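Student: Got a predicted structure here, sequence first:
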Amino acid sequence: MNDQTFYNLSPWNILSDMINYDRPFGGLFRTLANRAEGRFPPVNCYVGDKAVVLDIEMPGRKPADVDISLEPQAVVIEGKAAEGADQPSFKRRFELDYPVDTEKSTASFKNGILRIELPKAAQAVPKKIEIAHAG
Amino acid sequence: MNKETTEKKNLRPQHPTATPSVFVNEGRKGYEITFEIPGVGKEDVSLNIENRTLTLTTDNAYTPPEGLTCVSREFATYNYAVSLDLPEHADTATIKATVANGVLTAKLSKRAELQPRRIEVAAE
C-alpha cells in the first residue's frame, strides 16, 4: 500500500507541510493560516489494514452544521457558514484508493474534533491465503 | 481529582504547548473572551485568575486512532496555554466560563459603577 492514499483537491494542501514550521513561535503562524478566509479545517488521515480514519479539527462548529456524504470511494465533507459566528462555509472531497463500507462507516464529534471512521470494503482488506498441501 | 484520572492523564503523550486563538469582544456591559482549544474537554481545562491576570492551561486528551498509520497530518495536538491581562474596569468576580465543541467562552461584566446608567432628571 502506498502512502499517497489521498488525493487532496485543496490548494491549501501544499501549505500543510509548512504549517507546523512555527512551533517555536507557539503556533502563531499556524493560527493565522487557519483563520485565513476560505481555509478548510485541517484534516489528519490515518490508514490501517482494515479502516481509514479522518480527524477534522473544527473548534466552535456544531455537528449540525456539517454534512458528510459517502461515495464508495470518496468522502465529501461540507460545512455550512454560521451567521454571527466567524465561521465560513467549506467543502472538501477526499478520493480514496480503495472502496469503503458505506453502511458501517461512523462519525463522531468530540471537543471540536470530528472523527470519520471508514471500514474498508471486504474486497479491499488484505487476505492471507493458505497454501494447500498437495500430497 | 481521583487517583484513576490522574494515572490516566500521566499515561497521555506529552504534547507541545501552543497559544490558542483568542478573541475578545467588548460590549457595553462586559466582555466575552473565546479561546479555541480543539481536543480539550471541560475536565482538562484549568482557568485561573490572579489579580487581573487570566491564565488558561489545558491538557489535551485527543488521541489518534490506535493501530493506524498517519498518512497526512495537517494539524498537530497541543496543550494550550495563554495569559491575558484584564482591564481595570473588568469585574473579575463575575467571570463565568463554559466549554463547548472545543471552544472555551469566558464572560465577565464591567464594574457596576463604570457601566452606563441613565440619570433621572428631576423637575424643579
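Tutor: Nice, thanks for sending it over.

Student: quick one, helices of chain A?
Tutor: Taking DSSP state H to define them, one finds helices in chain A at A:13-16, A:28-35.

Student: Count the neighbours of the residue lying closest to residue A:49 once chain neighbours are set aside for me.
Tutor: Nearest non-adjacent residue to residue A:49, counting by Cβ to Cβ, 6 or more residues apart in numbering or on different chains: residue A:126, 5.8 Å away. Just so you know, the C-beta spots here come from the backbone N, C-alpha and C atoms, and that holds for glycine as well. When neighbours are defined as other Cβ atoms under 10 Å in any protein chain shown, residue A:126 has 8 of them.

Student: So for residue A:126, what's the pLDDT?
Tutor: Here, the pLDDT recorded for residue A:126 equals 78.

Student: Return the distance of it relative to residue A:98.
Tutor: Separation of residue A:126 from residue A:98 (Cβ to Cβ, to the nearest Å): 10 Å.

Student: Same question for residue B:83.
Tutor: With the distance defined as Cβ to Cβ, residue B:83 ends up 48 Å from residue A:98.

Student: neighbour-wise, which of the two wins?
Tutor: Ranked by neighbour count (other Cβ under 10 Å), residue B:83 and residue A:98 place residue A:98 first, with 16 against 12.

Student: Quick one: residues contacting the closest residue to residue B:24 other than its chain neighbours.
Tutor: Of all residues not flanking residue B:24 in the chain, residue B:33 sits nearest, at 5.1 Å (Cβ to Cβ, 6+ apart). Residue B:33 makes contacts with B:22-25, B:54, B:84, B:105-108, as judged by Cβ atoms under 8 Å, 6 or more residues apart in numbering or on different chains.

Student: Just the terminal-to-terminal distance for stretch B:105-118.
Tutor: For stretch B:105-118, the separation between the terminal residues is 30 Å (Cα to Cα, to the nearest Å).

Student: what do you get for stretch B:71-87?
Tutor: 45 Å.

Student: got the buried residues for that stretch?
Tutor: Applying a neighbour-count criterion of 16 or more other Cβ atoms under 10 Å in any protein chain shown, one finds B:71-80, B:82, B:84, B:86 buried in stretch B:71-87.

Student: For chain A, tell me whether it is touching it.
Tutor: Yes: for stretch B:71-87 and chain A, the contact criterion (Cβ under 8 Å from any Cβ of the partner chain) is met by B:71-76, B:78.

Student: Get me the contact residues on chain B for chain A.
Tutor: B:16-21, B:23, B:34, B:36-41, B:61-62, B:64-65, B:67-76, B:78, B:101-103.

Student: Which residue ranges of chain A form strands?
Tutor: Remark: strands assigned in chain A by DSSP state E are A:7-8, A:43-47, A:51-57, A:66-71, A:74-79, A:90-95, A:106-110, A:113-119.

Student: Can I get the ones you listed in CSV including mean pLDDT, mean neighbour count and distance to residue B:113?
Tutor: Formatted as CSV, those follow (pLDDT from 0 to 100; neighbours: other Cβ atoms under 10 Å in any protein chain shown; distance: least, Cβ to Cβ, whole Å):
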stretch, mean pLDDT, mean neighbour count, distance to residue B:113
strand A:7-8, 43, 15, 56
strand A:43-47, 91, 23, 50
strand A:51-57, 93, 23, 42
strand A:66-71, 92, 14, 45
strand A:74-79, 90, 18, 44
strand A:90-95, 86, 16, 45
strand A:106-110, 94, 14, 43
strand A:113-119, 94, 21, 43
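
Student: In JSON lines: these, plus distance to residue B:95.
Tutor: Shown next, in JSON lines, are those (distance: least, Cβ to Cβ, whole Å):
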{"stretch": "strand A:7-8", "distance to residue B:95": "42"}
{"stretch": "strand A:43-47", "distance to residue B:95": "34"}
{"stretch": "strand A:51-57", "distance to residue B:95": "27"}
{"stretch": "strand A:66-71", "distance to residue B:95": "31"}
{"stretch": "strand A:74-79", "distance to residue B:95": "31"}
{"stretch": "strand A:90-95", "distance to residue B:95": "33"}
{"stretch": "strand A:106-110", "distance to residue B:95": "26"}
{"stretch": "strand A:113-119", "distance to residue B:95": "27"}
